[in-house]
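Q: Sequence first, predicted coordinates after that:
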Amino acid sequence: MSESKQPFTDYATKAGEPFKMSRYVWPGACILIIAVLAACLWSQARQQERDLAALRAQLAEKSSTLATDQADKADLEKQMADLQASVAELEKEKDQVLQSAKGLESEMRNDLESKDVTISKLQGKLTVNILDRVLFDSGEAELRPDGQAVLQKIAAFLALHPELKIHVIGHTDNVPIRGAARSRFATNWELSTARALAAVRFLTEQAGVDPRRLGAVGYGEYRPVADNATPEGRARNRRIAITILPDELAAADTAATNSPPAVPIAPAPPAPTTDPNGR
């Protein structure tokens, strides 16, 4: 037989050969493991860098939004401060107008009020009512000297308060126009309007009141303040009303005064008058 006489020794020798090769395999494996770990760490580092860049971008966006919000807040605060200042200024002007109106009312009452000239105040409007016997002759629309003197005093007060507007309103009693006056005034509408215009023309042309502050309207017999059945009531109804009001009320008041008055459906026949003034 050619087989070896020492089988166990030969086996041990053959089995030891792979063991001798391990000193070359392990270093390569370690290098491979290190390379894989390095690649993982590099990939993780790159991912962290991308995450950090995204966070920085979000932080920059938030910072920009915050800056914009702060700018908007500052702008809103400025607008609010400006509005509050405007409100305070308007309140101050309102108080000044009220004080001015109170002063005007007191001064006019002291200097003008009499049995023929009365002053009233309602809803912010100061009204001077002047009976026609002071201003006009019966059935006429030309101002008498006494009427001009009263209007001149009113104009002097108005000159001290240029912010106020003036409406001049003519009124009559319900006695129809008669006699020669019918050739000039067909009805009480025409007479009341002509008298209001005569007062406006005097205030603007003779007393120097700015025409842009004035308006005129005639109501005829349709807004009485007293009973037309008596001479005394008719005398109170024949009047010129000078309404003085702040600028902000003028537009609303104009709309109200320009609306057509309600004409009675069946007016009572006029009572004959014994009033010496006749109108």
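A: Yep, that arrived. Treat the numbers as computed from the prediction; the structure is a model and nothing was measured. Numbers count the residues shown, from 1 in each chain.

Q: and A216, helix, strand or coil?
A: Recorded secondary structure, A216: strand (DSSP: H, G, I helix; E, B strand; the rest coil).

Q: I'd like to know how far S120 sits from T204.
A: Distance, S120 to T204, using CB to CB, to the nearest Å: 24 Å. No exception for glycine: its C-beta is placed from N, CA and C like everyone else's.

Q: Ok, G218 next?
A: With distances taken as CB to CB, G218 is found 17 Å from T204.

Q: for P27, same thing?
A: In terms of CB to CB, P27 sits 118 Å off from T204.

Q: quick one, which of the two is more surrounded?
A: Neighbours were counted for P27 and for T204 using other CB atoms under 10 Å; T204 has more, 16 against 9.

Q: That one: what secondary structure?
A: Three-state assignment for T204 (three-state DSSP): helix.

Q: is it true that it touches G215?
A: No: counting by CB atoms under 8 Å, T204 does not reach G215; the two are 11.3 Å apart.

Q: Counting by contacts, list what the strand or helix carrying N129 packs against.
A: Per DSSP states H and E: N129 is located in strand 125-131. For strand 125-131, the packing partners by 3 or more CB pairs under 8 Å, 6 or more residues apart in numbering; DSSP states H and E come out as helix 7-112, strand 117-122, helix 145-159, strand 239-246.

Q: same thing but at 7 Å, please
A: Strand 125-131 sits against helix 7-112, strand 117-122, strand 239-246, with contacts defined as 3 or more CB pairs under 7 Å, 6 or more residues apart in numbering; DSSP states H and E.

Q: of all the ones you listed, which lies closest to A141?
A: Nearest of the helices and strands packed on strand 125-131 to A141, taken as CB to CB: strand 239-246 at 10.6 Å.

Q: Nearest approach to R182 belongs to which of the helices and strands packed on strand 125-131?
A: Of all the helices and strands packed on strand 125-131, it is strand 239-246 that lies closest to R182, at 21.6 Å by CB to CB.

Q: Report the angle between the closest one and strand 125-131.
A: Per axes from the mean of the first three to the mean of the last three CA atoms, to 10 degrees, the angle that strand 239-246 makes with strand 125-131 is 160 degrees.

Q: what pLDDT, on average, does strand 239-246 get?
A: What strand 239-246 shows for mean pLDDT is 92.

Q: Could I get the CA-only coordinates of that strand as CSV?
A: Taking Å, rounded to 0.1, in the frame of the first residue of the first chain, the C-alpha atoms of strand 239-246 are listed here in CSV:
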residue,chain,number,x,y,z
ARG,A,239,-91.9,135.4,10.7
ILE,A,240,-88.4,134.9,9.4
ALA,A,241,-86.5,132.1,11.0
ILE,A,242,-82.7,132.3,10.8
THR,A,243,-81.3,128.9,11.6
ILE,A,244,-77.6,128.7,12.6
LEU,A,245,-75.9,125.3,12.6
PRO,A,246,-72.5,123.6,12.4
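
Q: what's it in contact with?
A: 97, 124-132, 135, 154, 163-171, 195-196, 199, 253 (CB atoms under 7 Å, 6 or more residues apart in numbering).

Q: Stretch 138-154 too?
A: 111-112, 117, 128, 130, 134-137, 177, 181, 191, 194-195, 198-199, 202-203, 207, 242, 277-279.

Q: out of these, which are buried?
A: 112, 117, 128, 130, 134-136, 177, 181, 191, 194-195, 198-199, 202-203, 207, 242, 277-279 (16 or more other CB atoms under 10 Å).

Q: Now restrict the contacts of strand 239-246 to buried residues only.
A: Applying 16+ other CB under 10 Å to those flags 97, 125-132, 135, 154, 164-171, 195-196, 199, 253 as buried.

Q: tell me the contacts of F136?
A: By CB under 7 Å, 6+ apart, the residues touching F136 are E142, L143, R144, G147, R195.

Q: Select from the residues you listed the one having the most neighbours.
A: R195 (30 neighbours).

Q: export the helix or strand where that residue lies as PDB, just CAs?
A: In this assignment (DSSP H and E), R195 forms part of helix 188-201. Backbone C-alpha positions of helix 188-201 (Å, rounded to 0.1, in the frame of the first residue of the first chain) are rendered in PDB as follows:
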ATOM      1  CA  ASN A 188     -98.100 133.000   0.400                       C
ATOM      2  CA  TRP A 189     -95.400 130.700  -1.200                       C
ATOM      3  CA  GLU A 190     -94.100 133.700  -3.200                       C
ATOM      4  CA  LEU A 191     -94.300 136.100  -0.300                       C
ATOM      5  CA  SER A 192     -92.500 133.900   2.200                       C
ATOM      6  CA  THR A 193     -89.800 133.100  -0.400                       C
ATOM      7  CA  ALA A 194     -89.300 136.700  -1.400                       C
ATOM      8  CA  ARG A 195     -88.900 137.700   2.200                       C
ATOM      9  CA  ALA A 196     -86.300 135.000   2.900                       C
ATOM     10  CA  LEU A 197     -84.400 136.100  -0.200                       C
ATOM     11  CA  ALA A 198     -84.600 139.800   0.900                       C
ATOM     12  CA  ALA A 199     -83.000 138.900   4.200                       C
ATOM     13  CA  VAL A 200     -80.300 136.800   2.500                       C
ATOM     14  CA  ARG A 201     -79.500 139.600   0.000                       C
END
